[in-house]
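> quick one: sequence plus predicted model below, questions after.
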Amino acid sequence: MKRHFMICVDNRGYESSLEKRKLYEVLSDRAAKKHHQIRVIDESGEDYLYPEKFFAPVRLPNITKEKLELAAA
């Protein structure tokens, strides 16, 4: 499964779960998208829903994506 990452740009109200300027893995969730939320693996290591406006997309070089996938394996 292809991994998708976004960067946290806001963590108001979720300071213990999200760190600003940190990359987070995003999981596909169509139901969440309808409610303007995304499912993110947060600091607890579990996946939770957060407002999509808290994150911004990032384009990573293929070598970086490969290294992230290897680190997660």
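That came in fine, so what should we check first?

> what helix or strand does the most centrally placed residue in the chain sit in?
When the chain is reduced to its mean C-alpha position, the closest residue under C-alpha atoms, centre = their mean turns out to be Tyr24, at 3.2 Å. Secondary structure here is read from DSSP states H and E; on that basis Tyr24 sits in strand 23-27.

> in which helix or strand would I find the closest residue to the residue nearest to the centre of the chain other than its chain neighbours?
Of all residues beyond its chain neighbours, the one nearest Tyr24 is Val40 (4.7 Å), with distances taken as C-beta to C-beta, 6 or more residues apart in numbering. In this view, the C-beta of every residue, glycine as well, is placed from N, C-alpha and C. Counting by DSSP H and E, the secondary-structure element that holds Val40 is strand 37-41.

> give me the residues contacting the helix or strand following that strand.
Following strand 37-41 in sequence order, the next helix or strand is strand 47-51 (DSSP H and E). For strand 47-51, the surrounding residues in contact (C-beta atoms under 8 Å, 6 or more residues apart in numbering) are 14, 17-18, 27, 29, 32, 36-42.

> just checking: what are the partner strands of strand 47-51?
strand 37-41 (antiparallel) (DSSP bridges).

> list the buried ones in the strand it pairs with?
Of the residues in strand 37-41, those buried under the neighbour-count criterion (16 or more other C-beta atoms under 10 Å) are Gln37, Ile38, Arg39, Val40.

> report the angle between it and strand 23-27.
Interaxial angle of strand 37-41 relative to strand 23-27 (axes from the mean of the first three to the mean of the last three C-alpha atoms, to 10 degrees): 120 degrees.
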